[in-house]
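Novice: I'll drop the sequence and a predicted model, then ask my questions.
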Amino acid sequence: GAGVSQSPRYKVAKRGQDVALRCDPISGHVSLFWYQQALGQGPEFLTYFQNEAQLDKSGLPSDRFFAERPEGSVSTLKIQRTQQEDSAVYLCASNRRDRDYNEQFFGPGTRLTVL
Amino acid sequence: GNSVTQMEGPVTLSEEAFLTINCTYTATGYPSLFWYVQYPGEGLQLLLKATKADDKGSNKGFEATYRKETTSFHLEKGSVQVSDSAVYFCALSTGAGKSTFGDGTTLTVKP
């Protein structure tokens, strides 16, 4: 079956540009997570949705970062006025319910490079 | 807050050697613990998990035991193969399921 997909896989942006990263979770998965992974580090939590509700956005590093999931399925992470420090791999994950023992299924990530 | 500290890499072993990757954690409450693996060119995938103290997670010859008294979840395998070469991440999850990850340990197994 289809896993979590993300697009684009690679994105190069000039400093100051806006970018939008898309995540298609596994069908029927209620919970969706965004993580940021800098080179040589582990993923860092950004934000979490349960269906269309954004229940936790405590990890978003600044107000330039915005995420939405309007119909409880596809999610978009938007970064406005990109900066060089935004360069990272952005990972999306989904799981069936908001239980802490549930496995998260990860997408391949979008590698963002800000020049 | 929650945190995960794992053994720094890279780790290089010969085929059939014994593997240990250390992982310790700090968490409020009672977390679930995970090991994820990332093979070259692929996304993160769950390797094994344990949801309560003294549980042992196992998969593909890898094992890890949830030790509450030492707040540890060390990954072990008795005999590694070249195909085990990958980056391994220890992680914990509490509450609504968001995970806290360690920085990853790169394992290279040579024939």
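Specialist: That came through, no problem.

Novice: What parts of chain A come near chain B?
Specialist: A:4, A:31, A:33, A:35, A:40-45, A:48, A:50, A:55-56, A:91, A:93, A:95, A:98-104, A:106-109 (CB under 8 Å from any CB of the partner chain). C-betas here are computed from N, CA, C, even on glycine.

Novice: And the residue of chain B that's closest to chain A?
Specialist: B:F101 (3.3 Å; CB to the nearest CB).

Novice: Now do the same for the residue nearest to that residue when sequence neighbours are not counted: helix, strand or coil?
Specialist: The shortest distance from B:F101 to any non-neighbouring residue, by CB to CB, 6 or more residues apart in numbering or on different chains, is to A:G42 (3.3 Å). Counting by DSSP: H, G, I helix; E, B strand; the rest coil, the backbone at A:G42 sits in coil.

Novice: elements contacting the helix or strand of chain A with the lowest mean pLDDT?
Specialist: In chain A, no helix or strand scores lower on mean pLDDT, DSSP states H and E than strand A:105-106, which sits at a mean of 91. Strand A:105-106 sits against strand A:88-95, with contacts defined as 3 or more CB pairs under 8 Å, 6 or more residues apart in numbering or on different chains; DSSP states H and E.

Novice: Pull out the buried residues from the strand it packs on.
Specialist: Buried residues in strand A:88-95, counting neighbours by 16 or more other CB atoms under 10 Å in any protein chain shown, are found at A:88-95.

Novice: quick one: which helix or strand includes the spatially most central residue of chain A?
Specialist: Geometric centre of chain A, nearest residue: A:W34, 3.2 Å, by CA atoms, centre = their mean. Taking DSSP states H and E as the definition, one finds A:W34 inside strand A:31-37.

Novice: What about B:G41, how many residues nearby?
Specialist: Residues near B:G41, counting by other CB atoms under 10 Å in any protein chain shown, number 6.

Novice: Surely B:Y88 forms part of a strand?
Specialist: Yes - under three-state DSSP, B:Y88 sits within a strand.

Novice: ranges for the helices of chain B?
Specialist: For chain B, applying DSSP state H gives no helices.
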